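Q: Sequence and computational prediction follow.
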Amino acid sequence: MHVLLDRRGLVVAAVATAELARRWLAEATCDVIIADVGLAVGLVGGPPVIAIASAGEADVGQGAIRAGAADCLVGIPNDDDLALALFRASRAGTHRRADGVRNEAGLDRLIGASAPMRALRATLERIAPHRSTVLVSGESGTGKELVARAIHELSPRAGRRFVAINCAAIPPALLESELFGHRRGSFTDAVRDKAGLFEDADGGTLFLDEIGELPLALQVKLLRAIQESEIRRVGDTVSIKVDVRLVAATLRDLAEDVKVGRFREDLFYRLNVLPVTVPPLRERPDDVPLLVDHFVRRHHAIHGPGAEFTEDAIAVMSRRPWPGNVRELENAVERTLVLAETPRIGAELVMESLRPARASAEPEELSIKKATRALEIDLIRRALVTTRGNRTSAARLLEISHRALLYKLKDYGLS
């Protein structure tokens, strides 16, 4: 299993006992725990836990899930099974805490000491205890999901699941089933009953990223789910009560979308009960040194000790407007660390790393055939990344047959 994880480029720490695991977790962080079913229950309460059971321990594995494990794999998992389990566990984002104990982890991830960031933290602390819906707005790369997680972790729901979905990443035909679930036989690939994300997040928080991309038909059903606190699976005739705190995010101007008919006015007001705006990085340049230090330490923790930025280099980075915000800064730090050939990274190397690529002198490509091919390759790659390489699931996302996907993979030389 270690080999499978390494093959996917994941950073793995292996310990022999539950006690050693708890000691390790007290000093470090991880996204998912994979443990023998006998140890899994004892590790529930932190990051999501995937239990591994033998064929004769299937019932024990189900008991582990009832006790709070995110998933259970029976037998020796293959690459696809393990990838799907990791995807489901990371999506569930189960982070628990003892009742009444304040969890500052969410705020700790919002790095910055500037006035805009202090105001943002104060706002989150005020709104987190309430059940009202939150609409997080801000430019791409500002950290809207981190804000949503902070709201969850500061709230009384922190002991339950935080479930996130990017509405723009799921084809419209599958999005309703993903949100509300479906009954067996309700459509071609519905071979069994499936719970949706609202049910997964029952008692916790559901984060809908890129809410502005939600189709109008689904906006009506989402509005009903918010108003009635109940959902109905696709193909079902019975409604299910759910207790979910909804946090939505968008980089679009939803008020403008309402004016032109792209977004329902009643849903907008239902979502915008507690508005939160995440400041762009250009409005808080004093936070750049703190962010650079954070990204450098994280890079060193993963790849080992390496180069450091000089004060002159950080000053150059602090003066940059960063149109891609924190995400662009993070990528720039990583790129510069990889390119560094000396232990000290100066201003010159930073400016070289940040210099845009030279424009090509070639004429603009206007071929529809080539553009279509490039688009298909990009969509296939994104679908395979989303499904962790599961081709059946990727074909479903792409809304093509499995055979058609295999043909395109061969035709385009993809693996």
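A: Sure, I can see it. Numbers count the residues shown, from 1 in each chain.

Q: can you map out the strands along the stretch 151-300 of the chain?
A: Using DSSP state E, counting those that start in this stretch, the strands of the stretch 151-300 of the chain run over 162-166, 181-182, 194-195, 205-209, 230-231, 240-241, 245-250, 274-277.

Q: export these to JSON lines and tack on mean pLDDT and mean neighbour count?
A: Using the backbone N, CA and C atoms, a C-beta is placed for each residue, glycine as well. Supplementary listing: those in JSON lines, determined by pLDDT from 0 to 100; neighbours: other C-beta atoms under 10 Å:
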{"stretch": "strand 162-166", "mean pLDDT": "91", "mean neighbour count": "21"}
{"stretch": "strand 181-182", "mean pLDDT": "88", "mean neighbour count": "23"}
{"stretch": "strand 194-195", "mean pLDDT": "87", "mean neighbour count": "16"}
{"stretch": "strand 205-209", "mean pLDDT": "94", "mean neighbour count": "24"}
{"stretch": "strand 230-231", "mean pLDDT": "92", "mean neighbour count": "18"}
{"stretch": "strand 240-241", "mean pLDDT": "93", "mean neighbour count": "12"}
{"stretch": "strand 245-250", "mean pLDDT": "95", "mean neighbour count": "25"}
{"stretch": "strand 274-277", "mean pLDDT": "95", "mean neighbour count": "17"}
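
Q: Dump the ones you listed to a markdown table, plus distance to Ala13.
A: Below are these laid out as a markdown table (distance: least, C-beta to C-beta, whole Å):
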| stretch | distance to Ala13 |
| --- | --- |
| strand 162-166 | 23 |
| strand 181-182 | 35 |
| strand 194-195 | 31 |
| strand 205-209 | 27 |
| strand 230-231 | 38 |
| strand 240-241 | 39 |
| strand 245-250 | 31 |
| strand 274-277 | 35 |
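
Q: Select, out of these, the one closest to Arg109.
A: Of all the strands of the stretch 151-300 of the chain, it is strand 162-166 that lies closest to Arg109, at 12.6 Å by C-beta to C-beta.

Q: So what are the sheet partners of the closest one and their directions?
A: If you go by DSSP bridges, strand 162-166 pairs up with strand 205-209 (parallel).

Q: Put the alpha carbons of the partner strand into CSV.
A: Extracted C-alpha coordinates of strand 205-209, given in CSV (Å, rounded to 0.1, in the frame of the first residue of the first chain):
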residue,chain,number,x,y,z
THR,A,205,-21.4,22.1,7.2
LEU,A,206,-21.8,21.9,3.4
PHE,A,207,-19.5,24.2,1.4
LEU,A,208,-20.7,25.0,-2.2
ASP,A,209,-17.8,26.6,-4.0
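
Q: Tell me the gap between that strand and the middle of its chain.
A: Its chain's C-alpha centre and that of strand 205-209 lie 10 Å apart, by C-alpha atoms, centre = their mean, to the nearest Å.

Q: and if you look at stretch 34-42?
A: Using C-alpha atoms, centre = their mean, the distance from the centre of stretch 34-42 to the centre of the chain it belongs to is 25 Å.

Q: likewise stretch 309-321?
A: Chain-centre distance of stretch 309-321: 29 Å, with C-alpha atoms, centre = their mean.

Q: Pull the residues that contact it.
A: 282, 285-286, 288-289, 292, 296, 329, 332-333, 336, 344-347, 349-351, 354 (C-beta atoms under 8 Å, 6 or more residues apart in numbering).

Q: Just the buried residues of those residues.
A: Val288, Pro289, Val292, Val296, Leu329, Ala332, Val333, Thr336, Ile345, Ala347, Leu349, Val350 (16 or more other C-beta atoms under 10 Å).

Q: Just give the nearest non-adjacent residue to the last one, would you?
A: Beyond its immediate neighbours in the sequence, the residue positioned closest to Val350 (C-beta to C-beta, 6 or more residues apart in numbering) is Ala313, lying 4.5 Å away.

Q: Pro289 versus the one you found, what's the distance?
A: 10 Å (C-beta to C-beta, to the nearest Å).

Q: go on, Val191?
A: 53 Å.

Q: likewise Arg192?
A: When distance is defined by C-beta to C-beta, Arg192 is 52 Å away from Pro289.

Q: One more: Ser177?
A: Distance check for Ser177 against Pro289: by C-beta to C-beta, it reads 46 Å.

Q: again, but for Gly42
A: Between Gly42 and Pro289 the distance, using C-beta to C-beta, works out to 41 Å.

Q: Also Ala119?
A: Relative to Pro289, Ala119 is positioned 20 Å away (criterion: C-beta to C-beta).

Q: Likewise for Glu330?
A: If you measure Glu330 against Pro289 using C-beta to C-beta, the figure is 14 Å.

Q: domains of the chain?
A: 2-92, 105-277, 281-354, 368-412 (automatic domain parsing).

Q: could you list every residue that touches the closest residue in space to Pro275 that isn't next to it in sequence?
A: The spatially closest residue to Pro275, leaving aside those adjacent along the chain, is Leu135, at 5.2 Å (C-beta to C-beta, 6+ apart). If you count contacts by C-beta under 8 Å, 6+ apart, Leu135 has them with Ile211, Ala248, Ala249, Thr250, Leu254, Leu271, Asn272, Val273, Leu274, Pro275, Val276.

Q: mind redoing it with 7 Å?
A: Taking C-beta atoms under 7 Å, 6 or more residues apart in numbering, we find Leu135 in contact with Ala248, Leu271, Asn272, Pro275.

Q: cool, Pro116 as well?
A: For Pro116, the contact set (C-beta under 7 Å, 6+ apart) comprises Pro279, Glu283, Arg284.

Q: Make CSV from the residues you listed and add distance to Lys259 to it.
A: Converted to CSV, those look like this (distance: C-beta to C-beta, whole Å):
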residue, distance to Lys259
Pro279, 25
Glu283, 26
Arg284, 30
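
Q: does the residue nearest the centre of the chain have beta-bridge partners, and which?
A: Centrality entry for the chain: nearest residue to the mean C-alpha point is Ala164, 6.1 Å, by C-alpha atoms, centre = their mean. According to DSSP bridges, the residues that bridge with Ala164 are Phe207.

Q: In this structure it contacts Leu208, no?
A: No - when contacts are counted by C-beta atoms under 7 Å, Ala164 is not listed as touching Leu208 (8.1 Å).

Q: by contact count, what packs against whichever helix in the chain runs longest?
A: Under DSSP state H, the helix in the chain containing the largest number of residues is helix 368-386. The elements that helix 368-386 packs onto, with contact taken as 3 or more C-beta pairs under 7 Å, 6 or more residues apart in numbering; DSSP states H and E, are helix 391-398, helix 402-412.
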